[in-house]
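# kindly return the folded structure for what I paste below:
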Amino acid sequence: MVDTLNIPEWTHYADKGGLDPLGMQNSSVALYQRLIPGIGNVTLRMRYYGLYPWLVRHYLQANGSTDPETWRVFLRRAEALYALIANQAGGELGVAGTVWALRAITAAKTGGGSIPIDFAAAAVPGSEDHYFAQSWGVFGLAYQSQLYEIGVLSRGDGHGIPLPSKESGTALAEGFESAMGEAAQLFKDVHARGLVTLAELDALSPFAPSQIAFSSAERDIYQRVLFRKSADADAPDSFRTQTLLLTLKVAELLGRPPDSDELRWVLYAGQTHGGHPLELADAALIAHCERWRIYQANDLCHVALETLLRFVLDALGAEPAGLPPRHCCNKLLPICARLPALRRRAGDLCLTKLASQTMQLTEPSRTASGRWRTALCERRVAPTVL
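Presented below is the predicted three-dimensional model:
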């Protein structure tokens, strides 16, 4: 008889929120980041790329403490003020804290505009009426890693406070301050005070995200950063430049700026919805367009396979004793038969994937799989998507 009672050792429960708590999109994010380094799906306004190096330089000049908590409070206060400026300038989107800013400005206007808004209180980490829940603001959530990647900020030696990079950060900080004019000093004064009136927000309108002047040093530096040239065609700067050039090519084809769905479709299909082909003469652009096509194919595979996972989980939920994969296929077949032709093909892909767990792949399937892996390797795209 066994004398030892072995109690299960449970793993620590991690409560993860967000739209992708299982990290199922991690491979897509990794691919996306290689194709357009320094720009993410949540870096929504270009002006943040000038605001942050300017803020870092101001912090170093006005305070200079290497205490992360001091820097965090300074940063959050600046972001809260920026949210108020963007909202007062016409409700501009893509700025962290817009919901709080709208509420604060509406309350100030209701009170006649004479009572200043206490944005310092909303910037305190953990405050009930916070402008943004994330501890390090949108800087920590979205922009910090991208600003390091694109070379606007550099890491400090022996401390965690970022520095404007010598390559482009210092020039961006100077160009940003020049573009702000007298509003730059007003921002510094208001930021230090932690209170702002509606009249002061109006005076700070040059800071608004949409106010980048076409003929300005600030805009010219943004362009140099985004389209930085590299002798290596596979370098991050080259990939970002090629992606932006492809976007301009699609805009030229359409005769207007494309929306995200149009851009994705043209780079995937090689033509517009109306059948007008995307004609590329440059070999580097052709190769990069193919990388984007593979990225979209990976995304489509995710949709199909995640739908399959949902079906499998639902099917197993009704079967306490479990269910063999072949029986899962039998349950899925009637559903696929009722789908329109286009969606049925996606269902067939799911069935093929599931069936391959219990039976050998046919020769055509092995050949197709080999072609995918070869294509991915030749284009230097991570094969983990398969």
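
# residue ranges with poor pLDDT in the stretch 151-300 of the chain?
The model of the stretch 151-300 of the chain has no residue with pLDDT under 70.

# number of residues surrounding Ser205?
Other residues near Ser205 come to 15 when the count uses other Cβ atoms under 10 Å. Glycine gets a C-beta too; all of them are placed from N, C-alpha and C.

# ok, it - contacts?
Contacts for Ser205 (Cβ atoms under 8 Å, 6 or more residues apart in numbering) come out as Ile85, Gln88, Ala89, Ala183, Gln211.

# would TSV of these with distance to Trp292 be doable?
What follows is the contacts of Ser205, written out as TSV (distance: Cβ to Cβ, whole Å):
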residue	distance to Trp292
Ile85	35
Gln88	38
Ala89	34
Ala183	39
Gln211	31
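
# who wins for neighbours among these?
Ile85 (26 neighbours).

# and the next element down the chain from the helix or strand harbouring that residue?
Using DSSP states H and E, the element containing Ile85 is helix 68-88. Past helix 68-88, further along toward the C-terminus, the next helix or strand under DSSP H and E is helix 98-110.

# can you give me the mean pLDDT across that next one?
Per-residue pLDDT values across helix 98-110 average out to 96.

# residues of that helix that come out buried?
Of the residues in helix 98-110, those scored as buried under the neighbour-count criterion (16 or more other Cβ atoms under 10 Å) are Thr98, Trp100, Ala101, Ala104, Ile105, Ala108.

# which one of those residues sits closest to Thr241?
Distances from the buried residues of helix 98-110 to Thr241 were compared by Cβ to Cβ; the smallest belongs to Thr98, at 31.1 Å.

# what helices or strands is the helix holding Ile85 leaning on?
Counting by 3 or more Cβ pairs under 8 Å, 6 or more residues apart in numbering; DSSP states H and E, the packing neighbours recorded for helix 68-88 are helix 48-62, helix 98-110, helix 119-123, helix 137-138, helix 183-193, helix 198-203.

# let's go with 6 Å and repeat that
Helix 68-88 makes packing contacts with helix 98-110, helix 119-123, helix 137-138, helix 183-193, helix 198-203 when contacts are defined by 3 or more Cβ pairs under 6 Å, 6 or more residues apart in numbering; DSSP states H and E.

# so where do the strands sit in the chain?
In chain order, the chain shows strands spanning 117-118, 153-154, 163-164, 195-196, with DSSP state E as the criterion.
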